[in-house]
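1. Next one to model:
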Amino acid sequence: MERLTDESLLADPIAQFDRWMKDAEEHAKQRVPESCCLSTLGADGYPDGRIVLLKFYDARGFVFYTNYRSPKGRALDAAPRAGLTFHWPALGRQVRVVGDVVKVSSEESDAYFSTRPRGSKISAWASEQSAPVEDRPALERKHAEMEAKFQDPVPRPPHWGGYRIFPIRIEFWQDCEFRLHDRFEFVRDGADWNCSRLSP
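-> Numbering: from 1, shown residues only. I've put the predicted structure just below:
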């Protein structure tokens, strides 16, 4: 297993994440490398996690898209802080991101929505994400209604768009023998990052 050393670790955690993401994308046995667990804090005080797909990342943060009226959307509006956990078992790697959350601009959401397949666009209108639904036929009827309602281009629903997590902490974890894993944590300090090696 490849080691993560003080010498091989990049000084910029976003660049390090990009290197690992590209490794995951190129690894034949690593499926859906952009999938990650989004953790939020609910109004009841309990943490809540679910898998989302990372759609974009740069120095400004990590972007995913969802229904703003979903439980995760409501949780993020009420407590705009979140964590992302990426697990790439084929490479023995994990990345944890913690940060503050803001909605991306309407222009960014429109631009991404325009790239989605028509069926996915229709589903964004048809599904009240996580709300109770009578049965599968009821959901399919709503989808058919929206299919008939919209011609191309399908507009983005006003309740659907992106969130950006602006990272304040990023941890890289590399599997090693005998559980002596390599772990490095970057903590934001203004425009800079402080990096520490952590015990496994």
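2. what's the domain layout of this protein?
-> What the record gives for the chain is the domain set 13-114+158-198, 117-155, from automatic domain parsing.
3. Highest mean neighbour count out of those?
-> Most buried of the domains of the chain, by mean neighbour count (mean count of other Cβ atoms under 10 Å): domain 13-114+158-198, with a mean of 16. To be clear about C-beta, it is placed using only N, CA and C from the backbone, and glycine gets the same treatment.
4. What's the mean pLDDT across that domain?
-> Computed over domain 13-114+158-198, the mean pLDDT rounds to 96.
5. Contact partners for residue 84?
-> 36, 37, 38, 39, 54, 62, 95, 96, 97, 165 (Cβ atoms under 8 Å, 6 or more residues apart in numbering).
6. Please flag which of these sit within strands.
-> The members of the contacts of residue 84 that map onto strands under DSSP state E are 36, 37, 38, 39, 62, 95, 96, 97, 165.
7. Need the nearest residue in space to the residue nearest the centre of the chain, chain neighbours excluded.
-> Nearest to the geometric centre of the chain sits residue 54, at 3.9 Å (Cα atoms, centre = their mean). Using Cβ to Cβ, 6 or more residues apart in numbering and skipping residues adjacent in sequence, the residue nearest residue 54 is residue 34, 4.5 Å away.
8. if I look at the one you found, how far off is residue 79?
-> Separation of residue 34 from residue 79 (Cβ to Cβ, to the nearest Å): 25 Å.
9. So the closest residue to residue 37 other than its chain neighbours: helix, strand or coil?
-> In space, and not counting its chain neighbours, residue 37 is closest to residue 85: 4.4 Å by Cβ to Cβ, 6+ apart. Using DSSP: H, G, I helix; E, B strand; the rest coil, the structure places residue 85 in strand.
10. repeat for residue 72
-> When states are read from three-state DSSP, the local structure at residue 72 comes out as helix.
11. Give the full set of residues in contact with the closest residue to it other than its chain neighbours.
-> With Cβ to Cβ, 6+ apart as the criterion, residue 72 has its nearest non-adjacent residue at 5.6 Å, and that residue is residue 40. With contact set as Cβ under 8 Å, 6+ apart, residue 40 has these partners: 47, 48, 49, 72, 75, 76, 79, 81, 82.
12. for those residues, which one is nearest residue 144?
-> Distance ranking of the contacts of residue 40 against residue 144, using Cβ to Cβ, places residue 72 first at 26.9 Å.
13. Strands of the protein, start to end?
-> With strands called from DSSP E, the chain shows them at 35-41, 47-53, 56-58, 61-67, 81-88, 93-103, 160-174, 182-189, 192-198.
14. So which of these is nearest residue 135?
-> When the strands of the chain are ranked by proximity to residue 135 (Cβ to Cβ), strand 61-67 comes first, at 20.3 Å.
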